[in-house]
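S.K.: I need the structure of the sequence given here:
(2 chains)
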Amino acid sequence: MADEEKQIDEFTGVETTGHSWDGIKELNNPLPRWWLWTFYATIAWALIYTIMYPAWPLLNSATQGVLGWSSRGDLIAAQQEAVAQNADKVSRLAEMDITAIIADNELRTFAENGGKAAFKVNCVQCHGSGAAGSEGYPNLNDDEWIWGGTPDAILYTLQHGIRYEQNDQTRISMMPAFGADGILSNEEIRDIAWYVVQMSGGEADSAAAARGTTLYADNCAACHGEDGGGIPDLGAPRLSDAIWLYGGNYEEIVAQIQNPQMGVMPAWEERLGNVTLKQLTAYVHSLGGGQ
Amino acid sequence: MTTNLIKQPDIEPHNVEAVNTGAKKAFVEPLYAAREKIFPKRVRGDFRRLKWIIMAITLGIYYITPWIRWDRGEFAPDQAVLIDMANRRFYFFFIEIWPQEFFFVAGLLVMAGVGLFLVTSVVGRAWCGYTCPQTVWTDLFLVVERFFEGDRNARIRLDKAPWTFEKIRKRVMKHATWIMIAVATGGAWIFYFADAPTLLKDFVTGQAAFIAYTTVAVLTFTTYLFGGIMREQVCIYMCPWPRIQAAMLDEDSLVVTYNDWRGEPRTKGAKKAAAAGIPVGDCVDCNACVAVCPTGIDIRDGQQLECITCALCIDACDDIMGKLGREKGLISYATLRDYNHNMAIAKDPSTGTIDPSRVRGKDGKFSDKLRHFDWRIMLRPRTLIYLAAWSAIGLGLLYALTSRDRLEVNVQHDRNPVFVTLSDGSIRNGYTVKLLNMIPEPRVIFLSIEGLPGATMEINNIDQPAGVSFAVPVDPDRLRSLKVFVSQPPANVASGQNTFRFIAEDKQSAERDVYEANFDAPDK
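M.R.: Residues are numbered from 1 along each chain as shown, chains lettered A, B, ... in the order given. Predicted structure coming up:
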């Protein structure tokens, strides 16, 4: 305000700020004492606080505070506490056999929960967040297991992977490319395909399927079984059912015989360690198809 | 002045001024004014007796309730009233409430609110005057104060007296007793939240939870502060209810009223004035009503927000009227309508002043035209509507309480994947089924499915072949969560979404709960 003259409110005798809004002038009352002291107290508090706790920014970091507190330290402490709480269970998981773990109510619950978390991080990329898979990536909820669905079989698959060359003990199965390598003619492949469609309960060209019967017995039964029931030990999928990794209609079956696709699963033993793999096993086994 | 005082031997005139009177709150006064001390005088009478009784009952309920035992068998606590936060259970005698049944508590709070409206519209701020904890504890603290320091005049003298050993002794005793009461008050509170005998032992031996000590400390402090130091200031400045009461009162509500129509013109020298031919009302201006007032008002100024309607001024005035041989009720519970009616009679139409001769006949009896309280005024549309609303909520809660389920089944359908095709072409859906056994007894609950042709279910970790009915043991007063897989053979599968039912049954008590669930299959 340019006008420095003191203005006194007539009615109260209190000085005004000189500001006027619609003719109403603001009284320049002093701040209440309790308010002022509270304000000073907050300033003192803030000063003490910035000494005790990390506060003032420096060039490369900030003052650390004399208490040495940090949110990262809090997190680490909380994590260590959680780890310490579960140490006993984790050591039992490490020692015990997977079948025994699943038989133990408390351990199984613990393992399933841990497995669920590990699955979300490591497995969902291929098998999906609900473990339902997609074409080429097996659904882990169902009751068909290419390499077996017992706890031991699941754990082995997790440990060593499938067709994962870096692991000596990886599960390996190779289906010949019957068409691409010229082992069978196109007609023969079509006949076998019709027979497989029939085997899995689909509607097939019965004449072609009949021709395919012998061809199947000669070329396929060694791995997939006489009745198409599959042999998990060999990693040969069951054909006489409703579950298909690469599609179950005639054209898709033809394509698979012609030049088969075969997926790869990494071995997880080194990366995750046996405790986590046992947890993952318990989780996958609980999804509804465990044997 | 004193020469003109009333001649009756045992009427003590009080040299007292109402500290919270409207005239003192002139516009130009500062917003903050230091509190003026109030030294309420002891009073005897019907309302005082009623208040003692209510104080004994309410304090008794508060302190004793957590110690009442109630046998619920071996699987539930035996404390009659217990808010078990850790296990999320609320026990009230034969009622046990789970968190999802908290609406019962909400309903009770709504009833308390409507009840407050009802009571206020009938008898004004009866809650404030008789049962509000602020009033009850302030009353209790005043008893202590009076015990150590004496009645009003002694307390005023002591307050003004220099700090002698005697004054210090009295003050220390008073505050020490107040703090003991405050500790007991804060202490009683925590017993509602844990087993009282165990907690008391832990508390004394220093093993109770930190929160227990904090709670007691905070409540001790607030009790001491509100009951001992702040007193009427809580009612006048902190409590919202005095502001709301204006909307709750109407001209038919009973409020503590100074009946000007018979009291005015008030005079200290009644006989002298009468002899001089000056009209004299019943009020002898002895200020007894002001001296006893715990909120420091003069009821003769009319109804005001500081008045908590504790009715002690009625007792004080009735006592004086009795001594004077006049009718009691110069200050009384009266409705504004009756008061206005009587004022119209008492006022001289030409001068507008109150003339005592207009309300009394020659024989000194009250005129028949005066209106007195008629209890039927309590039953009017407003109060009946409040009563109806209050009863409706109460009956609704009662119905909900008597018809509620103690066995429940809740189902969550797996959403990822929605369904799974099995090797034989069956379609399987997964569910998380929660069985709630809401009684403190272990039970075997039969879970079955119905309405889905050919379907069977399996339950994780319950060793039983696929079927339509499973016997599931559930711990007392607990929820059991089950992973359930329901499969339907290919021949029965209908495409899209189908509904079926999960049924939970206790075959012994014949309790049953049904959940309608969806079964998803691929679109064909």
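S.K.: where along the stretch 201-350 of chain B do the helices fall?
M.R.: For the stretch 201-350 of chain B, the helices defined by DSSP state H, counting those that start in this stretch cover B:210-223, B:232-233, B:241-248, B:260-263, B:270-275, B:288-292, B:312-324, B:336-346.
S.K.: quick check: which of those helices is buried the most?
M.R.: Most buried of the helices of the stretch 201-350 of chain B, by mean neighbour count (mean count of other Cβ atoms under 10 Å in any protein chain shown): helix B:288-292, with a mean of 25. The way it works is simple: take the backbone N, C-alpha and C, and place the C-beta from them, glycine included.
S.K.: quick one: list the elements packing against that one.
M.R.: helix B:312-324 (3 or more Cβ pairs under 8 Å, 6 or more residues apart in numbering or on different chains; DSSP states H and E).
S.K.: what mean pLDDT does the helix it packs on have?
M.R.: Mean pLDDT, helix B:312-324: 92.
S.K.: ditto for stretch A:125-144
M.R.: Mean predicted confidence for stretch A:125-144 is 93.
S.K.: give me the buried positions along it.
M.R.: Buried positions in stretch A:125-144, judged by neighbour count with 16 or more other Cβ atoms under 10 Å in any protein chain shown: A:127-128, A:130-133, A:137-144.
S.K.: and stretch B:443-454, by the same measure?
M.R.: B:Arg443, B:Ile445, B:Phe446, B:Leu447, B:Ile449, B:Leu452.
S.K.: want to throw these into a markdown table with distance to B:Phe210 and secondary structure?
M.R.: Supplementary listing: the buried residues of stretch B:443-454 in a markdown table, determined by distance: Cβ to Cβ, whole Å; DSSP: H, G, I helix; E, B strand; the rest coil:
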| residue | distance to B:Phe210 | secondary structure |
| --- | --- | --- |
| B:Arg443 | 37 | strand |
| B:Ile445 | 39 | strand |
| B:Phe446 | 45 | strand |
| B:Leu447 | 43 | strand |
| B:Ile449 | 49 | strand |
| B:Leu452 | 53 | coil |
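S.K.: from those, which is closest to chain A?
M.R.: For the buried residues of stretch B:443-454, the closest approach to chain A (Cβ to the nearest Cβ) belongs to B:Ile449, at 15.9 Å.
S.K.: tell me the SS of B:Arg428?
M.R.: strand (DSSP: H, G, I helix; E, B strand; the rest coil).
S.K.: and it, how many neighbours?
M.R.: The number of residues packed around B:Arg428, counting by other Cβ atoms under 10 Å in any protein chain shown, is 24.
S.K.: can you show me the CA trace of stretch B:482-492 as PDB?
M.R.: Presented in PDB, the C-alpha positions along stretch B:482-492 are these (Å, rounded to 0.1, in the frame of the first residue of the first chain):
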ATOM      1  CA  LEU B 482     -12.200 -74.900   0.200                       C
ATOM      2  CA  LYS B 483     -10.900 -75.200  -3.300                       C
ATOM      3  CA  VAL B 484     -13.700 -77.000  -5.200                       C
ATOM      4  CA  PHE B 485     -13.600 -78.400  -8.700                       C
ATOM      5  CA  VAL B 486     -16.900 -79.100 -10.400                       C
ATOM      6  CA  SER B 487     -16.700 -81.200 -13.600                       C
ATOM      7  CA  GLN B 488     -19.500 -82.000 -16.000                       C
ATOM      8  CA  PRO B 489     -19.100 -84.900 -18.500                       C
ATOM      9  CA  PRO B 490     -19.100 -84.000 -22.200                       C
ATOM     10  CA  ALA B 491     -22.500 -85.500 -22.900                       C
ATOM     11  CA  ASN B 492     -24.200 -83.100 -20.400                       C
END
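S.K.: distance from the chain centre to stretch B:437-454, please.
M.R.: 41 Å (Cα atoms, centre = their mean, to the nearest Å).
S.K.: next, the distance between the ends of it.
M.R.: Its start and end residues considered, stretch B:437-454 measures 29 Å (Cα to Cα, to the nearest Å).
S.K.: one more: stretch A:28-36?
M.R.: OK, stretch A:28-36 end separation, Cα to Cα: 15 Å.
S.K.: if we can go back for a sec, which stretch in the helices of the stretch 201-350 of chain B has the least confidence?
M.R.: The lowest average pLDDT among the helices of the stretch 201-350 of chain B, as it happens, falls on helix B:270-275, at a mean of 76.
S.K.: chain center to that helix: distance?
M.R.: 49 Å.
S.K.: same question, stretch B:142-158
M.R.: 30 Å.
S.K.: just stretch A:211-224 next, same as before
M.R.: That offset, for stretch A:211-224, works out to 39 Å (Cα atoms, centre = their mean).
S.K.: so for that stretch, mean pLDDT?
M.R.: Averaging pLDDT along stretch A:211-224 gives 93.
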